[in-house]
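Asker: show me the folded form of this:
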Amino acid sequence: MLRPTDLRELRDAVRDTPGTLLARGGGTKQDWGAPPERTDAVVSCGGLDGLVEHSPGDMVAIVQPGLSLGRLQEALAPSGQWLALDPPLVDGGATVGGVVATNDAGPRRQRYGAPRDLVIGVTVVLADGTVARSGGRVVKNVAGFDLMRLYCGSLGTLGVLAEIVVRLHPLPEASRTLRIPADPATATATTLALLASAAVPTAVDLAGGALWIRLQGREAGVAAQCALVRRLAAGGEEPEEFQGSEEAEVWRRLTAAHAGGAGETVARAATLPDRLPAVAAALIEAAGRAGVEARLASHAGLGLHTARLSGGDARAHAAVVRDWRRTVAGLGGTVVLRRRIDGVDGLVDPWCDPGAPPSALAVMRRVKAQLDPDRRWAPGRFVGGI
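Answerer: Reported below is the predicted structural model:
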């Protein structure tokens with residue numbers, strides 16, 4: 001394993017090491033994507049774990065990829081700021097580089113967006129050792145093409161991140177969460193009404209038979225939004241309210257539900273928000289046919305739905321994924337695999353039905369050919385064998 005501690009060492013390690021390479025941060029999402037065709041050397045970013053610069057006045061930070069997201073948030077908190085990302089596995093050591101490379105986000109994506117919306121600049125080491133920079137160090141950067149977004153969600157198949165420039169947000173003054181008992185249909189109706197209202201929810205999740213709505217900001221604004229949500233929910237059960245440490249624990253559990261655990265296969269569907277009832281019904285039907293237990297957790301306001309499959313063997317899990325993917329495709333959405341039990345990879349493509357590749361696949365292949373013509377970085381890990 002290669003363990004560089006600065007940009008020069010990283011550049012030299014990539015340039016001087018023959019064969020294929022796999023970038024590694026905290027290792028929390030190493031099983032995302034397809035298994036690489038071959039890995040001759042692993043490039044650990046663990047030694048690149050510094051907060052290079054924090055400019056509170058500009059609300060910008062420059063971060064090395066191996067810095068854990070949890071440690072970054074601790075460093076920013078005294079200034080009343082944070083990097084507005086709350087993906088699963090932060091407690092497990094998820095790094096900023098890994099979160100950006102997977103474009104992973106949690107419930108608060110509803111308000112703040114995904115990593116690609118918060119990254120304003122990157123420094124990347126390409127397969128031949130070239131150090132490439134894109135973006136800038138200020139939020140209103142307009143110089144050059146917006147190439148940095150290519151690396152957000154690329155799973156390390158285009159190069160290894162060496163530095164990341166991110167824009168920050170103020171920590172909210174107040175925070176409350178309302179729990180509204182709801183089935184998928186009721187949750188969808190409430191969510192659509194909420195999104196059409198004057199409220200600006202931080203998170204809108206469906207899990208455990210309830211819709212969870214998080215509202216954050218200044219105290220007066222949060223109180224007004226809570227009252228608005230209660231009016232939207234009138235006619236049903238009275239919403240239950242959470243604050244403080246109790247609220248934090250609620251969202252820790254809701255976020256963890258999207259990560260999955262040992263012995264589970266995790267699949268993520270992306271649809272329009274109003275498709276939630278059909279997505280949930282299709283999962284239940286597919287799991288029932290295969291004799292598999294399925295649990296669904298949804299970022300309802302975003303149309304992102306995570307299925308966790310347990311029980312049954314690899315063949316049964318693959319059957320559920322194929323059936324669910326087919327139905328979701330008919331709804332105009334997609335299903336990708338995240339983690340999975342042994343044996344599933346040989347039965348179902350983690351990215352898509354091979355007969356229905358994404359429309360942008362040809363463009364993706366050209367990008368790979370330009371930035372990594374010898375396919376050194378994690379060959380085969382990305383969609384379409386990229």
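
Asker: so Cys152 sits right up against Asn103, yeah?
Answerer: Yes. Assessed by Cβ atoms under 8 Å, Cys152 is found in contact with Asn103 at 4.7 Å. For the C-beta atoms, the positions are set from N, CA and C on the backbone; glycine is no exception.

Asker: buried residues of stretch 306-319, list them for me.
Answerer: Buried positions in stretch 306-319, judged by neighbour count with 16 or more other Cβ atoms under 10 Å: Thr306, Ala307, Arg308, Leu309, Ser310, Gly312, Ala314, Ala316, His317, Ala318, Ala319.

Asker: then Ala282 would be within a strand, right?
Answerer: No. With DSSP: H, G, I helix; E, B strand; the rest coil as the criterion, Ala282 is located in helix rather than a strand.

Asker: just the element for the closest residue to it other than its chain neighbours, please.
Answerer: Closest residue to Ala282 apart from its sequence neighbours, by Cβ to Cβ, 6 or more residues apart in numbering: Thr327 at 3.9 Å. Taking DSSP states H and E as the definition, Thr327 sits inside helix 314-330.

Asker: what stretches of this structure score poorly on pLDDT?
Answerer: 139-144 (pLDDT under 70).

Asker: tell me where this protein has helices.
Answerer: 7-16, 69-76, 96-102, 109-112, 115-118, 184-195, 219-232, 244-256, 276-290, 314-330, 361-371 (DSSP state H).

Asker: on that earlier part again, neighbour count winner among Cys152 and Asn103?
Answerer: Cys152 (21 against 18; other Cβ atoms under 10 Å).

Asker: return the distance of that one relative to Asp146.
Answerer: Shown here: Cys152 relative to Asp146, a distance of 11 Å by Cβ to Cβ, to the nearest Å.

Asker: can you pull the residues that touch both of those two?
Answerer: Residues touching both Cys152 and Asp146 by Cβ atoms under 8 Å, 6 or more residues apart in numbering: none at all.

Asker: identify the residue nearest Ala278 in space, chain neighbours excluded?
Answerer: Leaving aside its sequence neighbours, Ala278 sits nearest to Leu331 (Cβ to Cβ, 6+ apart; 5.8 Å).

Asker: near Gly221, how many other residues are there?
Answerer: Other residues within reach of Gly221, judged by other Cβ under 10 Å, total 16.

Asker: please read the previous query as pertaining to Lys368.
Answerer: A count of nearby residues for Lys368, using other Cβ under 10 Å, gives 20.

Asker: surely it is in contact with Arg376?
Answerer: No. Judged on Cβ under 8 Å, Lys368 makes no contact with Arg376 at a distance of 10.7 Å.

Asker: outline the domain layout of this structure.
Answerer: Listed domain ranges for the chain are 7-170, 174-256, 265-337 (source: automatic domain parsing).

Asker: in a markdown table, list these along with distance to Asp372.
Answerer: Below are the domains of the chain laid out as a markdown table (distance: least, Cβ to Cβ, whole Å):
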| stretch | distance to Asp372 |
| --- | --- |
| domain 7-170 | 5 |
| domain 174-256 | 33 |
| domain 265-337 | 22 |
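
Asker: among the ones you listed, which comes closest to Gly355?
Answerer: Closest approach to Gly355 among those is made by domain 265-337 (10.7 Å; Cβ to Cβ).

Asker: and stretch 290-304, end to end?
Answerer: 23 Å (Cα to Cα, to the nearest Å).

Asker: and if you look at stretch 351-361?
Answerer: 12 Å.

Asker: list the buried ones in that stretch?
Answerer: Trp351, Cys352, Leu361.

Asker: tell me which of these is nearest to Leu69?
Answerer: Of the buried residues of stretch 351-361, the one sitting nearest to Leu69 (Cβ to Cβ) turns out to be Trp351, at 25.3 Å.

Asker: got a list of what that closest one touches?
Answerer: Contacts for Trp351 (Cβ under 8 Å, 6+ apart) come out as Gly33, Ala34, Val336, Leu337, Phe382, Val383, Gly384.
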